[in-house]
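Enquirer: One predicted model, sequence on top.
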Amino acid sequence: MRRNEKTANPYLSGNFAPIRNTLPLTPCSYEGEIPADLAGGQYIRNGSNPLIKNEENTQAHWFDGDGMLSGVLFRRQGDEIQPEFVNQYLVTDVFAFAKSSTLTKPFLFSISILIDPLASVLSVVLHVLRTVILTIFSQLPGSTTPVKKASVANTAVLYHDGRALATCESGPPLRFALPSLETIGWFDGRKAQGESEDSETGCFGGEDMLSWVRQWTTAHPRTDPVTGELIAFHACFIAPFVHYSIIPKSKSNGQPILTAPVPGIKSSKMMHDFGVSRGYTVILDMPLCFNPLNLLKGSPVLSFESCEKSRFGVFPRYRPEAVQWYETNPCSPEVKPIPPEYAEEEQCRLYYYSFPLTPPSSGRVEDHEPTIAHQWALSAIEFEFPSVSPLCTMSEAQFVYGCSARSVCYSVGLGKAAKIDILAKINATALIARGLENQPQPIKGCVDNRSIQDILESDDPDDPIRLFAMPEGWYAQEPRFVPRSKQNSEDDGFLLTFVFDESQLDNRGCCRDDAIGELWVIDARTMRDVVARIKLPQRVPYGFHGCWFSEDEIVGQRTYRARVLTEDEERKGVSAVVWRKARVLRIEVTWSINDIGNLSTLAQCPYLQCPSSIAQPPRLHILGFLSLSHQEYTPLAIISNLKPSHNQPTMLTSMCLAGFAAIASTALAAPHASTSECSAVSFNIAATAENAVLSPSYDPNNETSIIGFINAMVRGEVNPVVGTQEISGSFVINGIYCRPTRKVKKRRDALQILVHGITYNSTMWGGYHFGDRYNWHAYANAEGYHTLAIDRLGHGLNSKALDPNNVVQPSLQVEIYRQLIQSIRSTATNSLQKRFSNIIYVGHSYGSQIALPLARLYPELTSALVLTGWTSTTNLSEVQKFNLASASSIYPLRFPGLAKGYLAMVDEALRKSLFYYGGFDPAIPAFDFANQDIVTVGEFAANAGPGGLFSIPPENYTKPVMVITGVEDFVFCVQPGVPPRECEKLLEKSKTDIFPGVPARKYEYFAPRNTGHDLTLHYSAPETFKRAHKFLNKYF
């Protein structure tokens, strides 16, 4: 495959891709009229922009990368306003070292390594070792770019007491200059590097040996618009785990609070944001835990602990020791059974919480347990990147501004990020009042249950939710509200947001070199009018959080000396570091390591916003941004290293090596992600088949026509097949081949061929990255079987250039698999380099259905069948609810240019319904949705109608057959008129309907309880594997 044909990582392509050019303040043209209220101010947005972009590296995530600031200054020119664009890298220690070195991969490992299904424990250890080595190199004598703080400062920006600061959880804030965006230096709570003046106050973290870890500061510190205080928390992996700081404005009488412990937190957590009102502070303790010992359990270092509770710590602003902890409902039925109707969904919504701060009037005060009085969502729409007017950040805010999307769920899990085509304004005060009057169901309920489309169609001038819809193909970023200088109402002002027109992408989904972006100024009152469009000289990649800096703030900055990397410094850094690296790598050759990964310490950072607070004692009302599931606090995992003292490597080396030793020892004791020995294989298959000619009643190039055709077919309103046609060609089938881990003589020539269902590929049989508990290969290999999981035609790594209407159909697939099995049976010259006389066909869902014509037409081809996620009856009414759409339309970065007949599921909640609530690890459905594959129109249509390929039973098949389907499988078991617990009757009936020739003693079925359609991804998977192999072991 040529380089330009490789599938691009979605976060390194399109407008997620980093920009290479940095520009000084550059005049821009514009359309419309720039409001006079913006004169002299500057809008700046922070984001990730990797300096080192390895095109070959699939381990990349949106949250990786070096911090880059992009801004527009509205310069006064007499009575006119001239917008000027500027963008600059933040010169962090990591950036400086990378700039002065010859690294071909980023200094820090990618967040994606935490969710990579192929990442083993050893791989994590190697990434650890790589960063240890690089960090030590940076500290050696002669290096001019020591890495003392590993923050990339790529998350947010704010202003405090004459300083503009960029933030990220993995270090202290980093000061930069306005309006040039030059880097100044790290701010330690007392002063920033590059400042001449000093302060008598202490600094974050103290002065002791562990101060470096206590300097990690939330990415969202708060500046009180009245007192000027900077309020922040610091989360780390050392008890007491969370500290709290208040930095008063200079020349005030306020007393600082520096790194005060917040009691009551029992373990290291991922913490990103918090809430602050005029009188109270709220710390969010969610069960998203960072623990290297998770490797012992075969789990990621970062994991959601379903047995823990979600807690809110509320305390008076200046008294963190007086914290009261409020617990919300457990997040999993493992803690306490929760009926499905109360199950939390995976949504991101604007939530309202109310905390009574005084004990009840009756009873003993010491018996009082803090309870949450109210907890429900204000609206059912997806809501991300929330913010309020800067004048209301610590008082009651009527309006909350944020982002949404028409069709993509904002379950911003580690593996994905939705693109923004809707900007939203929510009247929180009105919805809270409505909710208090008519209270929704706790946790799951919503005050306003309308959808995006319902709200867009509303013409109510007093609607509490107002939406601004982007034009087709245009996408926005986080909006920031800028108030007018003389306001008539709280929402009298403007929303500023960077936008991008994706028609500038080429046919591979890549940005053209001349692609540009715009900054839109939108009337916040009407949420309809674009007041001005600033035409930028280049595009601004999709990024994170921004801020408006007023003219007074720009003028009022403290004096500074900017940090600049000179050519001489870069040259010295390269010569010293490369020389030291060469010496160490000669030692490391004995490890046989060619590419060592990064050691990192994850900062505490679920992606959580609390944009405003409402404080009215004796009850505190916190209006914050939470995920409804209490599970999807998306880890904005920022990587951090250990801090040395000054420029001496001794302290850093000992700490880093100690950390490495701890993780390495864990790795030696922990199970690997898979105990199987597997390799990728491919087969060239020549095949000819009679495929169906599909009805001309739909347009194969029109998505709306395609979906209408499928729905009409499911309802029985159209006969999808009008004839047959011969399809012939040579096809490549890719797969994963795994060898036995235990020798069993009678199974040495037994091969299980694993065939997946629709919208899946061969990786599902490995259980993704969630361990051997979900890995069919691992269990079968331990029983002595060889396994081969193949990608069905048009799926996985197989070519998706094939016609999805006329070519990718079941008849051709059956013929391809016949040729494949025959080649494996007859010769050892196939890709497996071994001949197998016993072929066991294992299917799931559609893969199980394909086994029927294969067994009917070629009954001697297979030695046994194991059919999972299948019965003789399909609930087509449920298939219609899959809510399919053209994959290239809904996921253009993953499936660029794919023909409209390749379909994928739009709705994550619907896909999750393939699982049975309470029967699965909550992380699996999110990963499953993010990594879904496709299904074609031909696969759906060719099997429908009278005489469909799958409707004719293989009556002459006499080999062993086992059917395994979950009791709660709504596609194949929960049929109309059949009680959910009577799935076994359908499995028994399948013997009579489909396999009348199989002797009764050779037919078995199993219906695992609390299990949905994706049965190998449920907690019951080990029992499924056990039952299947107990059956097979009787014959092989």
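Expert: Received, thanks.
Enquirer: Tell me which helix or strand in this structure has the weakest average pLDDT.
Expert: Least confident helix or strand, the chain: strand 601-602 with a mean of 22, by mean pLDDT, DSSP states H and E.
Enquirer: Kindly confirm my reading that Asp928 forms part of a helix.
Expert: Yes - counting by DSSP: H, G, I helix; E, B strand; the rest coil, Asp928 is located in a helix.
Enquirer: Count the neighbours of the closest residue to Ser48 other than its chain neighbours for me.
Expert: Of all residues not flanking Ser48 in the chain, Gly65 sits nearest, at 3.5 Å (C-beta to C-beta, 6 or more residues apart in numbering). Every residue, glycine included, has its C-beta placed from N, CA and C. The burial count assigned to Gly65 is 26, neighbours taken as other C-beta atoms under 10 Å.
Enquirer: Am I right that Gly65 sits in a helix?
Expert: No - read with three-state DSSP, Gly65 is coil and lies in no helix.
Enquirer: What's the separation between it and Ala515?
Expert: According to C-beta to C-beta, to the nearest Å, Gly65 stands 19 Å off from Ala515.
Enquirer: do the same with Leu852
Expert: Leu852 is 50 Å from Ala515, by C-beta to C-beta.
Enquirer: more neighbours, these two?
Expert: Between Leu852 and Ala515, counting by other C-beta under 10 Å, Leu852 is the more crowded of the two (25 against 20).
Enquirer: In the helix or strand hosting the more buried one, which residues are buried?
Expert: Under the criterion of DSSP states H and E, Leu852 resides in helix 846-857. Neighbour-count burial for helix 846-857, counted by 16 or more other C-beta atoms under 10 Å, picks out 846-856.
Enquirer: Now do the contacts for the residue nearest to Ser48.
Expert: 18, 48-51, 106, 152, 154 (C-beta atoms under 8 Å, 6 or more residues apart in numbering).
Enquirer: neighbours around the spatially closest residue to Leu103 that is not a sequence neighbour, how many?
Expert: Excluding the flanking residues, the one nearest Leu103 by C-beta to C-beta, 6+ apart is Ile52, at 5.8 Å. The number of residues packed around Ile52, counting by other C-beta under 10 Å, is 17.
Enquirer: Repeat that for Thr741.
Expert: 16.
Enquirer: Over to Glu369?
Expert: 9.
Enquirer: Can you tell me the SS state at it?
Expert: coil.
Enquirer: Could you report the neighbour count for Val132?
Expert: Val132 has 23 nearby residues by other C-beta under 10 Å.
Enquirer: same question but for Thr787, I mixed them up
Expert: Count around Thr787 with other C-beta under 10 Å applied: 28.
Enquirer: so the nearest residue to Ala36 once chain neighbours are set aside bridges to which residues?
Expert: Closest residue in space to Ala36, ignoring its immediate chain neighbours: Ile81 at 7.4 Å, by C-beta to C-beta, 6+ apart. Ile81 has these beta-bridge partners by DSSP bridges: Arg76.
Enquirer: residues touching Ile81, list them.
Expert: So Ile81 contacts 34, 36, 38-39, 74-75 (C-beta under 8 Å, 6+ apart).
Enquirer: same question, Phe95
Expert: 51, 66-67, 89, 152.
Enquirer: backbone phi and psi for it, please?
Expert: phi -60, psi -40 (degrees, to the nearest 10).
Enquirer: what does stretch 1024-1034 contact?
Expert: Taking C-beta under 8 Å, 6+ apart as the rule, stretch 1024-1034 contacts 776, 779-780, 783, 785, 840, 842, 864, 866, 868, 960, 962, 964, 1004, 1006, 1008, 1011, 1015-1016.
Enquirer: and Leu949, how many neighbours does it have?
Expert: Count around Leu949 with other C-beta under 10 Å applied: 21.
Enquirer: my read: it touches Ser811, true?
Expert: Yes - counting by C-beta atoms under 8 Å, Leu949 touches Ser811, with 6.1 Å between them.
Enquirer: Quickly list what's touching both of these two.
Expert: With C-beta under 8 Å, 6+ apart as the test, Leu949 and Ser811 both reach 853, 942.
Enquirer: Helices of the stretch 601-750 of the chain, residue ranges please.
Expert: Assigned by DSSP state H, counting those that start in this stretch, the stretch 601-750 of the chain shows helices spanning 649-669, 703-714.
Enquirer: Same question for the stretch 401-550 of the chain.
Expert: Under DSSP H, counting those that start in this stretch, the stretch 401-550 of the chain gives helices at 428-437, 452-456.
Enquirer: Mind listing residues that contact the longest one?
Expert: It refers to helix 428-437. 350, 352, 374, 376, 378-379, 396-400, 447-448, 464, 612, 621, 623.
Enquirer: that older thread, and the helix holding Leu852, how far from the chain's centre?
Expert: 36 Å (C-alpha atoms, centre = their mean, to the nearest Å).
Enquirer: for it, packing partners?
Expert: On a contact count with 3 or more C-beta pairs under 8 Å, 6 or more residues apart in numbering; DSSP states H and E, helix 846-857 meets strand 750-755, helix 810-826, strand 838-844, strand 864-868.
Enquirer: now with 10 Å?
Expert: strand 750-755, helix 810-826, strand 838-844, strand 864-868, helix 937-941, strand 961-964, helix 983-994 (3 or more C-beta pairs under 10 Å, 6 or more residues apart in numbering; DSSP states H and E).
Enquirer: what angle sits between it and helix 810-826?
Expert: Helix 846-857 and helix 810-826 are oriented at 70 degrees to each other (axes from the mean of the first three to the mean of the last three C-alpha atoms, to 10 degrees).
Enquirer: pLDDT averaged over helix 846-857, what's the number?
Expert: Helix 846-857 shows a mean pLDDT of 94 in the predicted model.
Enquirer: Export stretch 492-501 to PDB, keeping only CA atoms.
Expert: This file holds the C-alpha atoms of stretch 492-501, laid out as PDB (Å, rounded to 0.1, in the frame of the first residue of the first chain):
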ATOM      1  CA  ASP A 492     -26.300  41.500  25.800                       C
ATOM      2  CA  GLY A 493     -23.000  40.700  24.200                       C
ATOM      3  CA  PHE A 494     -21.300  38.500  21.600                       C
ATOM      4  CA  LEU A 495     -20.100  34.900  21.200                       C
ATOM      5  CA  LEU A 496     -16.700  34.500  19.600                       C
ATOM      6  CA  THR A 497     -15.700  31.100  18.000                       C
ATOM      7  CA  PHE A 498     -13.200  29.900  15.500                       C
ATOM      8  CA  VAL A 499     -14.900  28.100  12.500                       C
ATOM      9  CA  PHE A 500     -13.800  25.900   9.600                       C
ATOM     10  CA  ASP A 501     -15.400  25.000   6.300                       C
END
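Enquirer: buried stuff in that stretch?
Expert: Result for stretch 492-501 [16+ other C-beta under 10 Å]: buried residues 493-501.
Enquirer: just stretch 178-189 next, same as before
Expert: 178-179, 181-189.
Enquirer: Tyr542: which of these is nearest?
Expert: Tyr542 has its nearest neighbour among these in Leu181, at 18.8 Å by C-beta to C-beta.
Enquirer: quick one: contacts for the closest one?
Expert: 22, 24-25, 42, 44, 68-71, 73, 86-90, 157, 164, 166, 562 (C-beta atoms under 10 Å, 6 or more residues apart in numbering).
Enquirer: can you list the weak-confidence ranges in the stretch 1-150 of the chain?
Expert: Counting by pLDDT under 70, the ranges of the stretch 1-150 of the chain that qualify are 1-8, 53-58, 113-120.
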